[in-house]
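>>> okay, structure incoming, though there's no sequence with it:
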């Protein structure tokens, strides 16, 4: 019996130079396994088979990235706010 792998904010404190290598290593180690990933970074969850959006302790949306982007809700607003912020400069 395989136990699931739980990753909590696995890439949250990784510098951009090493993030790609870390994500590739996680992908290789977790291939064909069940993974629960808790993350706020879009790159970390974008390719997941199923994304669960939790608000106030309840699942309020679930699906693949493309499906969630078609719905009105927290996920789409989060992605849009991240895309807008990407263009900010100090």
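Perfect, I can see it now. Fair warning: this is a prediction, and the values are worked out from it, not measured in the lab.
>>> buried sites along the longest helix seen in the chain?
Counting by DSSP state H, the longest helix found in the chain is helix 16-30. Judged by neighbour count using 16 or more other Cβ atoms under 10 Å, the buried positions of helix 16-30 are 23, 26. No exception for glycine: its C-beta is placed from N, CA and C like everyone else's.
>>> can you give the contact residues for that helix?
5, 7, 10, 11, 14, 43, 44 (Cβ atoms under 8 Å, 6 or more residues apart in numbering).
>>> next step: the residues you listed restricted to strands.
Cross-referencing those against strands under DSSP state E gives 5, 7.
>>> filter the contacts of helix 16-30 to the buried ones?
Judged by 16+ other Cβ under 10 Å, buried ones among these: 10, 11, 44.
>>> which of these scores worst on pLDDT?
Among those, residue 11 has the lowest pLDDT, at 72.
>>> for the helix or strand harbouring residue 66, list every residue counted as buried.
Residue 66 is part of helix 65-70, with elements assigned from DSSP states H and E. Within helix 65-70, the residues that count as buried by 16+ other Cβ under 10 Å are residue 68.
>>> ditto for stretch 37-57
Applying 16+ other Cβ under 10 Å to stretch 37-57 flags 37, 39, 44, 45, 51, 53 as buried.
>>> same question for stretch 69-87.
Across stretch 69-87, burial judged by 16+ other Cβ under 10 Å covers residue 75.
>>> run the chain-centre distance for it.
Centre-to-centre, stretch 69-87 and its host chain are 13 Å apart (Cα atoms, centre = their mean, to the nearest Å).
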